[in-house]
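> Below are the sequence and a predicted model for it; my questions follow.
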Amino acid sequence: MSTEIWTPSIATLTRTDELISWSFDITFFLEYDGTAGSGVPGSTENATVTMRREYPVIVTALEDNSTLTVEDNKIYGFYSDAFLNKEVQHQTRTQDYINTIRFNEIVVPNLKEMIYYHADPAITKTFYYRADAWDNDPLSPTYEDIIATKTYNIIVTNNWTPGQQALIYYVGLSRTNNTAIANKQLPLQWHIKWENSSSSEVVFENNSGTSSVKWDNNL
């Protein structure tokens, strides 16, 4: 009789926010009883011993993410764009109103104003990975067969920070004549009200209060 030993043993590898890096190695052993000499001089009896053999593991991501790497038995990287926005609306310089679900779909030279952003209302999203252990012993009757499978998962928590930062960035671009500057801060004449508790919206408005952008989420 054999016992399967997966490491990690728990199916949930981690709970994490987006943009947080992590790394996991997944291993598999079969543990079984074998026999060996008793070690007693002159004895012909065999003793039962516990033996362990490691098998190679191949991990497959059941849903891809561009900032993750899955390589043999390793998973590493971080999650980005794990949550799809409900709506990102902006106005172009030709007075058209365009709806997208990703900020990077906005054509920056044509951007006039950010109008509305509705974040994904999901609190968490679970991503799954399948780990397959296979027999690499050419003398084994199960050579190259998958002998065990385990499903792992990673739970990503939605704290809306990437969307908040993207909204700040694109509002900033619309206020600087579309000049993309890395880590650009909003001009001082703009102020930000960020609430994610009872009011469930973030409002951008200028000093005169004549223009605003609302951000809804589900909190």
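On my side now, so go ahead.
> alpha carbons only for contacts and neighbour counts from here, please
Noted.
> which ones are touching the residue nearest the centre of the chain?
Nearest to the mean C-alpha position of the chain, counting by CA atoms, centre = their mean, stands Tyr79 at 3.0 Å. Shown in contact with Tyr79 (CA atoms under 8 Å, 6 or more residues apart in numbering): Asp17, Glu18, Leu19, Ile20, Ser21, Asn65, Thr67, Leu68, Val156.
> and it, which of the three is it?
Secondary structure assignment for Tyr79 (DSSP: H, G, I helix; E, B strand; the rest coil): coil.
> Next: the one 3 residues further on.
Taking three-state DSSP as the rule, one finds Ala82 in the coil state.
> Against Val107, how distant is the residue nearest to the centre of the chain?
Separation of Tyr79 from Val107 (CA to CA, to the nearest Å) stands at 24 Å.
> worst-scoring helix or strand of this protein, pLDDT-wise?
Every helix and strand of the chain was ranked by mean pLDDT, DSSP states H and E. The lowest is strand 190-194, at a mean of 42.
> which stretches of this protein have low pLDDT?
The model of the chain has pLDDT under 70 over residues 35-47, 175-219.
> what about the helices in it?
Using DSSP state H, the helices found in the chain span residues 161-174.
> I figured Ile155 was touching Ala122, is that so?
No. With contact defined as CA atoms under 8 Å, Ile155 does not count as touching Ala122 (11.9 Å).
> Identify the contacts common to those two.
With CA under 8 Å, 6+ apart as the test, Ile155 and Ala122 reach no residue in common.
> Among the contacts of Tyr79, which one sits closest to Tyr32?
Leu68 (35.4 Å; CA to CA).
> Quick one: residues contacting the closest one.
Ile75, Tyr76, Gly77, Phe78, Tyr79.
> so how far is Tyr170 from the residue lying closest to the second one once chain neighbours are set aside?
I take that to be Tyr76. Spatial nearest neighbour of Tyr76, excluding adjacent residues (CA to CA, 6 or more residues apart in numbering): Ser23 at 4.1 Å. According to CA to CA, Ser23 and Tyr170 sit 32 Å apart.
> Then Arg52?
If you measure Arg52 against Tyr170 using CA to CA, the figure is 56 Å.
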